[in-house]
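Novice: Have a look at this prediction, sequence included:
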Amino acid sequence: MSSFAQAQKPNRPLKLGEYLSQKGHLNEKQILWALEEQKKTGKRLGEILSALKFISDELIAQSIGAINHVSYVTPHTLTIEKDLFLMIPEWLARRHLAVPVKIHEKEFIVAMADPFNYETLNDLSFYAGMAITPAISTHKNILAAIEQNYHFDTSSVEKIVQASEKDFAKGALQVIPDLAENNRLHTDTRTLEKKSQLGPVVQLTNVIIGKAIKMHASDIHIEPAQKDFRVRYRIDGLLREEMRLPKWVQNPLVSRIKILSKLDISERRLPQDGAVRVIAEGRAVDLRISTLPTAHGEKVVLRILDQSKVLIDINQIGFQNKDAKTVRKMIQKQKGMILVTGPTGSGKTTTLYALIQELKSVTNNVTTVEDPIEYTIEGINQIQINNEVGLTFSQCLRSILRQDPNIIFVGEIRDKETAEIAFRAAMTGHLVLSTLHTNDASSTITRLVDIGVPPYLISSSLIGIVAQRLVRKPCPRCLELRDSPHNIQSEPLMGCALCHHTGFNGRIGVFEVMPVSQKIRELITSGATEQEIRRVSHSEGMTSMKEDGLLKAKSGITTQEEVTRVVEKDDAVKSLCATCERPLRVDFLICPYCADTAPNICGRCGKRLQTEWRACPYCRHPSSPKTQKPSKDSEQ
């Protein structure tokens, strides 16, 4: 037995040289030589033994681990889950020679070349957001693991988080506790739950939600693909891609969102709906979450409902003066039904809130039934639908009628039962406001009949219909730059930081307001077609959405391309009169409002012209299709 073994005290921990001597890996001469080198260089004994090639690096690491009760691992031979590398990105792994291994129960096991460096442990723990349990490995094995596992691109995630660090730092997005209480999870989902609570995953979730709120997005779409997934924001009605992330980030991110919204993270085969309220930039924002299983994973859509948005009144929505007067006249009725129609996301609820703002007073009992409550209004009673406990639109309406209401706001008419209760409430002395999904005002009548509402009930209760869409407005900053004397460009929409380089900022409504006159009531009762009702409405002065949009485009509120994109195609409306600027149908020879020649008619021979023609092919008159009165010579 060597002198080192003989001198060992029973209770003192073994030193590396003593341990290797006891195990027979080194002789006394080799150890003395290594100790002499250590005195000269001050290096660690393991480094010296490795440099002298007395023993392999693997055996040195195994021995150090055995002496200090630290596990020895070979990370380059292990299959490590990709999402763990979010916790320790490549630059940090190379700096500290450390790679993640696995999460076991509450331990995050990390392979390290120096597992006893407490500063390194603290740095890794801070970045990962949880305590580190170190394991030991060799420099060579850790570098091999880094090369094998960091060949994919993590820069996208790191750049997103680092670029938004100032605005959306970890914890900047606060979840209100009562809405963010976690569901009870099964044992087999514990690992997924822990991954979703890792620091980088939490931070990435905050960045995605916080950036969407800052950009005034209405929806966030998280969409899986075969090899990656993308995040898109809906801004001013259009979706735009904001980021594309590695596939392995998808499950932890989706799980994080599902936990926040109290959904079951173990259920991936069925759609789920949830909600969460967060505090972002000092204000409360409600998020409505919907998940949908797809071929490549769960798609998640988050609807953003910003409670701090200022409610607008009728004058700010975008009504023409004539339509605003008509709407105000309709809401002054003591009883009856007013419907606002349009597809999802067309601003129907905002219009109804504007009407409620005008109607609320100390003398009115206003009650709303909504799903969800998008804005909280002081002075009225708002009810949130909860289908899980049986609190449906129809159930609420029955109870509201016993609460002595003056005005009832029904978020949406979805079925026959809700429609009949709402219409009967309108007949019995209540003013009822609601929404319906239809393309225009006249088709609303057909839709109500299809649902099952009797025509006599519609004709006797309906006050009027407002159909609408939302069109984008030109960015005021872009217009200011265009009109600047220093600008040499003439394009009206250049794009700037304010509008996210789209040329548009904000939206405004285009409307058609159809009051139900006595003649229209007779048509409804007799079962008239949509075309007949629409024809009578136009004869009584209704402006169609297309016409309303063209008038707004003419005045610079929007653009003609936006109106064409948003409003349903109407071949009858083609242009505006150059004299009175009223919309004209394609078959009009003269403007019916000012009696001027229509712009698509030759000013000399009166033949119809095409827009792109530069001269009349019938009389050779060199004029483009624009409004020109026939000359006296041609008349003679």
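Specialist: That came in fine, so what should we check first?
Novice: From now on I want contacts and neighbour counts done on CA atoms only, so please keep to that.
Specialist: Will do.
Novice: so after the longest helix along the chain, what's the next helix or strand?
Specialist: Counting residues, the longest helix in the chain under DSSP state H turns out to be helix 199-214. Remark: after helix 199-214, the chain's next helix or strand is strand 219-224, criterion DSSP states H and E.
Novice: now the angle from that following strand to helix 199-214?
Specialist: Here strand 219-224 runs at an angle of 140 degrees relative to helix 199-214 (axes from the mean of the first three to the mean of the last three CA atoms, to 10 degrees).
Novice: How far off centre is strand 219-224?
Specialist: Distance of strand 219-224 from its chain centroid, counting by CA atoms, centre = their mean, to the nearest Å, is 7 Å.
Novice: list the helices and strands it packs on?
Specialist: helix 199-214, strand 228-235, strand 297-306 (3 or more CA pairs under 8 Å, 6 or more residues apart in numbering; DSSP states H and E).
Novice: now the ones you listed in TSV, with mean neighbour count, mean pLDDT and distance to Leu26?
Specialist: Formatted as TSV, the helices and strands packed on strand 219-224 follow (neighbours: other CA atoms under 10 Å; pLDDT from 0 to 100; distance: least, CA to CA, whole Å):
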stretch	mean neighbour count	mean pLDDT	distance to Leu26
helix 199-214	21	81	45
strand 228-235	20	91	52
strand 297-306	21	91	56
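Novice: so can I have JSON lines of those showing distance to Asp57?
Specialist: Shown next, in JSON lines, are the helices and strands packed on strand 219-224 (distance: least, CA to CA, whole Å):
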{"stretch": "helix 199-214", "distance to Asp57": "33"}
{"stretch": "strand 228-235", "distance to Asp57": "39"}
{"stretch": "strand 297-306", "distance to Asp57": "44"}
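Novice: Among those, single out whichever gets nearest to Leu355.
Specialist: Between Leu355 and those, the tightest spacing by CA to CA is seen for strand 297-306, at 19.3 Å.
Novice: Thr376 and Glu370: what is the separation?
Specialist: 11 Å (CA to CA, to the nearest Å).
Novice: Who has more neighbours out of those two?
Specialist: Ranked by neighbour count (other CA atoms under 10 Å), Thr376 and Glu370 place Glu370 first, with 21 against 14.
Novice: Name the nearest residue to the more buried one, ignoring sequence neighbours.
Specialist: Leaving aside its sequence neighbours, Glu370 sits nearest to Gly411 (CA to CA, 6 or more residues apart in numbering; 4.5 Å).
Novice: burial measure for the closest residue to Gln382 other than its chain neighbours, as a count.
Specialist: For Gln382, ignoring the flanking residues on the chain, the nearest one in space by CA to CA, 6+ apart is Thr368 at 4.7 Å. Thr368 has 23 neighbours, counted by other CA under 10 Å.
Novice: In the sheet, which residues pair with Thr368? Tell me.
Specialist: Thr368 forms beta bridges with Gln382, Phe409, as assigned by DSSP bridges.
Novice: And the residue nearest in space to the middle of the chain, what's its pLDDT?
Specialist: Note on the chain: the residue nearest the mean C-alpha position is Ile220, at 1.7 Å, using CA atoms, centre = their mean. On pLDDT, Ile220 comes in at 96.
Novice: Verify the stated contact: it with Arg230.
Specialist: No - look at Ile220 against Arg230 with CA atoms under 8 Å: they stay out of range, at 10.5 Å.
Novice: Met337: what's it in contact with?
Specialist: 423, 426, 431-434, 461-464 (CA atoms under 8 Å, 6 or more residues apart in numbering).
Novice: Quick check: ChimeraX command selecting the buried ones in those residues.
Specialist: Written as a ChimeraX command, the selection of buried residues from these, which uses 16 or more other CA atoms under 10 Å, is:
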select :423,426,431,432,433,434,461,462,463,464
